[in-house]
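Asker: model the following, please.
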Amino acid sequence: MQTAEGENYVLAQQTARHLIKCTRTLASGGSLHPQDPANYLAPYVQSPRTDRKCQVSSRKDWRDTQVQIDAYRHRAANGVMTVAAAMQKELSNGLTPEQLALECTTGKFFEIILHLIDTNPLFVLSQFK
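Answerer: Predicted coordinates for the structure are as follows:
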């Protein structure tokens, strides 16, 4: 089987759409399937707190895989919630869903979405738990 140029973009877009959809579901009081990998978003979306502090007190603490996973979860959840809020604001300002989809493909949200997906090693880290 051959891969086509751009397949990674489609995968990134699908992943981003799923994360945004999960964020909206959780924000409206809904729940996700128990085996959905995006369940890590729930505590951040349902109870957003700006007072969350890193529990690391020494360099040695960073060697703990759970500390690393928690840090990446926090980063990923904040990134997804920021993009979801910005997209909702664009819709409120009159952008149609079709125009918003185009922005996610080629516009201002595209680079943010790719950055979130490509630089988030949460999945890899969670496999070593």
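Asker: in this protein, what helix or strand scores lowest on average pLDDT?
Answerer: Comparing every helix and strand of the chain by mean pLDDT, DSSP states H and E singles out helix 122-126 as the least confident one, with a mean of 55.
Asker: any low-confidence regions in this structure?
Answerer: Residues of the chain that meet the criterion pLDDT under 70 lie in 1-9, 12, 48-52, 104-129.
Asker: and the helix ranked longest in it, which residues are buried?
Answerer: Taking residue count as the measure and DSSP state H as the definition, the longest helix of the chain comes out as helix 65-92. For helix 65-92, burial by neighbour count (16 or more other Cβ atoms under 10 Å) applies to 68-74, 76-77, 79-81, 83-84, 87, 90. C-beta coordinates here come from the backbone N, C-alpha and C atoms, glycine included.
Asker: taking these together, which two end up most distant?
Answerer: Across the buried residues of helix 65-92, no pair lies farther apart than Q68 and E90, at 33.2 Å, counting by Cβ to Cβ.
Asker: can you pull out the helices in the chain?
Answerer: For the chain, applying DSSP H gives helices covering 7-27, 42-46, 65-92, 97-106, 108-118, 122-126.
Asker: can you list those helices in a markdown table and add distance to Q55?
Answerer: Listed next are those as a markdown table, based on distance: least, Cβ to Cβ, whole Å:
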| stretch | distance to Q55 |
| --- | --- |
| helix 7-27 | 24 |
| helix 42-46 | 15 |
| helix 65-92 | 7 |
| helix 97-106 | 34 |
| helix 108-118 | 24 |
| helix 122-126 | 17 |
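Asker: I appreciate the help and will end here.
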